[in-house]
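J.: Sequence and computational prediction follow.
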Amino acid sequence: MSKTKPIAIILAAIILAGGAAFYMSKQAAPPVEAVASSAPSATPATAPNGGGRSRGPKDAAVTIIEFGDYQCPSCGFYSPVVLEVLKRYPTQVRFEFHHFPLVGIHQWAMPAALAAEAAGDQGKFWEMHDLIYENQERWSRMPNPESEFLTYAGRIGLNINQFMQGMRNPDTESRVLQDVVRAREADINETPTFFVNGKKLEPRPQNADEFSRLIQDKLPK
Amino acid sequence: MNKRVLAIAIVAFLGMVDTFYISLKRGGPPVPCHVTKGCNDVLTSRYSTLAGIPIAWFGLAFYLVVFSCAAFELTGAARLMHLVYWPALLGFLISLSLTSIQAFVIHAFCEYCLMSAGFVTTIFLLSKRTPA
């Protein structure tokens, strides 16, 4: 009996399934320009005030706020995207990071946030922030990544004793928790959640180009 | 036409689309996760690969084999469907373990993985040990 027919069907199925999957994977979220005119969501679309760490000029025309979790893979994906955006708009964009460790699912999100804050006490928040995200895949699989954070602390030239004290200081944890409270009050329930000039980005831009288009719209013409 | 085999072929095809999609999105932007919210935690966890090979690829191979057997059977070229039973049982048990890992270890669910678990279970329930 001919084997040509089933083989043709199998090949057609592979092409169809692959094509459908490829099409779905390329279906970006709706263009970011549509965000402003999209239907209002159930959650407040404005950013909460106060707290957070910021980089970039204070008088920047555009402020990007992120509520992030250092162990969240999506946040890890967006870290280089944000860095690229900041590189493209060094004088026009200010970036503000707020902690929102999802401790229920990410065991090491809180220690990572504490490490960043403890580094911040020595004026090196962003150096630690970038290192933590850069190495997320590595430390988040460790049985206990605190020693890894100590290595980063050494690499960026922190006083190690002071850093360890900072990580264990209740005030450090309290700062992180204050960010969490702000996130909860604003009904933020996922990470990363981005705001641009106070407006929540729904859906999130998929790459630096989409982010840039959004920023371009906000810059004075 | 054998409706049971046709149903298996359709489910295997859907499984191929699902696992193809997860494979393509691997390492790229976060996958949209509207229902369960935990897709990216699951898909980037240490349980998402086996010996360095993404689990989704094993799933894709499984669905391709099942679909191929169904295609041969439906066209009358060869009776292969009874060969699906044991791999389907194994697939069902693996899906059960992976779903348990999502629930009790990662504490996050991935809707694409749950869909695939549903497809494998359906294939297992529809498959028979002996030739019809």
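T.: Thanks, I have the structure now. Predicted, not measured: the structure shown is a model, and the values here were computed from it.

J.: drop to CA atoms for contacts and neighbour counts, all remaining ones
T.: OK.

J.: Helix or strand, whichever it is, which one in chain B has the lowest mean pLDDT?
T.: Lowest on mean pLDDT, DSSP states H and E among the helices and strands of chain B sits helix B:39-43, with a mean of 84.

J.: Now do the very next helix or strand once past it: everything it contacts.
T.: Downstream of helix B:39-43, the first helix or strand assigned by DSSP states H and E is strand B:49-50. Contact with strand B:49-50 is made by residue B:55, as judged by Cα atoms under 8 Å, 6 or more residues apart in numbering or on different chains.

J.: Now find how far off-centre strand B:49-50 is within its chain.
T.: From the chain centre to the centre of strand B:49-50 is a distance of 15 Å (Cα atoms, centre = their mean, to the nearest Å).

J.: right, and the helix or strand after that strand?
T.: strand B:53-54.

J.: Tell me the residues of chain B that contact chain A?
T.: Residues of chain B lying close to chain A (Cα under 8 Å from any Cα of the partner chain) are B:13-14, B:16-18, B:20-21, B:24-25, B:29-30, B:40-41, B:44, B:46, B:64, B:67-68, B:71-72, B:75-77, B:106-108.

J.: For residue B:114, which non-adjacent residue is closest in space?
T.: residue B:99 (7.1 Å; Cα to Cα, 6 or more residues apart in numbering or on different chains).

J.: Does the closest residue to residue B:117 other than its chain neighbours lie in a helix or a strand, and which?
T.: Excluding its sequence neighbours, the residue lying closest to residue B:117 (Cα to Cα, 6+ apart) is residue B:95, at 5.2 Å. Secondary structure assignment for residue B:95, by DSSP H and E: helix B:85-101.

J.: looking just at contacts, which helices and strands does that helix meet?
T.: helix B:111-126 (3 or more Cα pairs under 8 Å, 6 or more residues apart in numbering or on different chains; DSSP states H and E).

J.: Could you report the distance from the residue nearest to the spatial centre of chain A to chain B?
T.: Nearest to the mean C-alpha position of chain A, by Cα atoms, centre = their mean, lies residue A:75 at 3.1 Å. When Cα to the nearest Cα, to the nearest Å is applied, the distance between residue A:75 and chain B equals 9 Å.

J.: check contacts around that residue.
T.: Going by Cα under 8 Å, 6+ apart, the list of residues near residue A:75 reads A:68, A:69, A:133, A:191, A:192.

J.: State the pair within the residues you listed that is farthest apart.
T.: Farthest apart among these by Cα to Cα are A:133 and A:191. That separation is 13.7 Å.

J.: where along chain A do the strands fall?
T.: Taking DSSP state E as the criterion, chain A contains strands spanning A:53-55, A:62-68, A:93-99, A:193-196, A:199-200.

J.: Quick one: the ones you listed as a markdown table, columns for mean pLDDT too.
T.: Below are the strands of chain A laid out as a markdown table (pLDDT from 0 to 100):
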| stretch | mean pLDDT |
| --- | --- |
| strand A:53-55 | 93 |
| strand A:62-68 | 94 |
| strand A:93-99 | 96 |
| strand A:193-196 | 92 |
| strand A:199-200 | 89 |
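
J.: Any chance of TSV for these, columns distance to chain B and mean neighbour count?
T.: Formatted as TSV, the strands of chain A follow (distance: least, Cα to the nearest Cα, whole Å; neighbours: other Cα atoms under 10 Å in any protein chain shown):
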stretch	distance to chain B	mean neighbour count
strand A:53-55	24	16
strand A:62-68	14	25
strand A:93-99	18	23
strand A:193-196	13	22
strand A:199-200	17	20
